[in-house]
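Peer 1: quick one, structure for this:
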Amino acid sequence: MSGAPTDFGGGSIWSRPERGTRGPAPTHGRDAIAAAAVELADTGGLAAVSMRAVAGALGMAAGSLYRHLSSRDDLLALMVDRCVGELRPYPEDAGDWRDDMVLLARHQLELYRRHPWLADAIAHAGTPGPNTLAWFDTCLRILQPVRAPVTAKFEAIAMVTGVVSLFARAGASAGPLTFDHVDLAAYPHLAAAFTEPPPTAAPRRDLFERTLRGLLAGLLSAEPG
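Peer 2: Numbering: from 1, shown residues only. Take a look at the predicted model:
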């Protein structure tokens, strides 16, 4: 784009200075840019976030934003890392790594529900920023007692995030699937399922927690230290 500096030097946005070495001093830092972009996304989704829209929200010319960023992917990286920073302060250790991971995942689920666009943005964010690295570091701290390879721990962290994303998307959908006013005569297994009496046992843990605990048990089968 015309007016974009060429002195960022490539690489991750996190390895670059706040601005290029040429041009006037910036009037807004990365945090202000990220905050404006997050507000736009919370209101109108990721489609509402463009370099021009963010610059307009900050009272800047569109070309001026390129003194700070080289692309929209840089912008997404800032947005993601700012939102992940909302997970701080991290929960204190409860004494059981499973409980700690479930609690951290609940906070992550609340974050994804506050920012429904976040799961999509993460897929394009590239190199993780400082808040994201701190979150990974916290997960590995929680999993320290587990006698499992570090690759298995990273797989578990990734799968927990996948479950969080799935539940966040399900919660944002139009509503649960309903079979009201549907003729189930041709579907005997469905019909039988709805004629079973309700359970009388004590309610189990919610589906989110049961899914996470089952996942962690399957991926990290080693005993805690």
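Peer 1: okay, now the domains of this protein?
Peer 2: Listed domain ranges for the chain are 13-84, 87-219 (source: automatic domain parsing).
Peer 1: quick one: end-to-end distance for the first one.
Peer 2: Taking CA to CA, to the nearest Å, the span from the opening residue of domain 13-84 to its closing residue is 17 Å.
Peer 1: low-confidence stretches in the protein?
Peer 2: For the chain, the stretches flagged by pLDDT under 70 are 1-11, 18-27, 172-177, 200-204, 222-225.
Peer 1: how about the helices in it?
Peer 2: 30-44, 51-57, 72-84, 97-114, 118-122, 130-142, 150-171, 188-195, 207-219 (DSSP state H).
Peer 1: could you list the buried residues of the fifth one?
Peer 2: Of the residues in helix 118-122, L118, A119, A121, I122 count as buried by neighbour count, 16 or more other CB atoms under 10 Å. (Each C-beta comes from the backbone N, C-alpha and C, glycine too.)
Peer 1: let's have these in a markdown table, adding distance to A134.
Peer 2: Listed next are the buried residues of helix 118-122 as a markdown table, based on distance: CB to CB, whole Å:
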| residue | distance to A134 |
| --- | --- |
| L118 | 17 |
| A119 | 20 |
| A121 | 18 |
| I122 | 16 |
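Peer 1: farthest pair within these?
Peer 2: Taking every pair in the buried residues of helix 118-122 and measuring CB to CB, the maximum separation is 7.4 Å, between A119 and A121.
Peer 1: circling back to that earlier point, out of the domains of the chain, which is the most enclosed?
Peer 2: Comparing those by mean neighbour count (mean count of other CB atoms under 10 Å), domain 13-84 ranks first with a mean of 18.
Peer 1: phi, psi for P89 please.
Peer 2: P89 adopts backbone torsions of phi -70, psi 150, taken as degrees, to the nearest 10.
Peer 1: OK, contacts around it?
Peer 2: For P89, the contact set (CB atoms under 8 Å, 6 or more residues apart in numbering) is empty.
Peer 1: how far away is it from V163?
Peer 2: Per CB to CB, to the nearest Å, P89 is found 23 Å from V163.
Peer 1: likewise G59?
Peer 2: 41 Å.
Peer 1: again, but for L75
Peer 2: For L75 relative to V163 (CB to CB), the value is 27 Å.
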